[in-house]
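Enquirer: coordinates only, sequence not included:
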């Protein structure tokens, strides 16, 4: 179904589908990593929690894509670059720092502080990487393609691997010597 949706004059081009998928990843990181499942974690029935969270992720990504690309005319490469930095920043704040910024805050304030930290870090990353990418000569890819790649693959993957590896024996502080 995805093949026919993209190929041969389908609904979306390859870059458009890529941008939509990155926005889906952004919604997932925002809800599940940065906000630790809020507002769905409190739902009692598992099937209701899973269904509503999936609808929110897919619906949120689709609405964001429609607003930014379809209505706003932002190119897919720019969407991917910005969303890639937001994902990387969300992983840093949510996984790497594990709520360090939000210690002793009420839950609502914690979510606001987390979101603000993600936005500030993503803006710094995006501006720094775009500035550097602007100094290079691009033949096949664009600066925005590279910035998206760095956020998603270099920074995001590095955070996930760092946490996955460094929190395992023998690297944990409570491990036997």
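Expert: Ah, there it is. Note that the structure is a prediction, hence the values are computed from the model and not measured.
Enquirer: Would you agree residue 80 is in contact with residue 17?
Expert: No: contact criterion CB atoms under 8 Å: residue 80 and residue 17 do not qualify, at 10.7 Å. The C-beta positions use only the backbone N, C-alpha and C, and glycine is treated the same way.
Enquirer: Same drill for the two, tell me which one is more crowded.
Expert: residue 80 (25 against 17; other CB atoms under 10 Å).
Enquirer: How about the more buried one, nearest residue that isn't a chain neighbour?
Expert: The shortest distance from residue 80 to any non-neighbouring residue, by CB to CB, 6 or more residues apart in numbering, is to residue 148 (3.9 Å).
Enquirer: Could you give the number of residues near that neighbour?
Expert: The tally of other residues near residue 148 (other CB under 10 Å) stands at 28.
Enquirer: Please apply the same query to the one 4 residues further on.
Expert: Here the neighbour count serves as a burial measure; for residue 152 (other CB under 10 Å) it reads 19.
Enquirer: So residue 81 versus residue 46, what's the distance?
Expert: 36 Å (CB to CB, to the nearest Å).
Enquirer: Which one of those two is surrounded by more residues?
Expert: Shown here are residue 81 and residue 46; by other CB under 10 Å, residue 81 has more neighbours (28 against 8).
Enquirer: Could you pull up the residues touching the more buried one?
Expert: Contact analysis of residue 81 by CB atoms under 8 Å, 6 or more residues apart in numbering lists 126, 130, 144, 145, 147, 148, 151.
Enquirer: Need the max-distance pair from these.
Expert: Spatial extent of the contacts of residue 81 (CB to CB) is set by the pair 126 and 145 at 13.7 Å.
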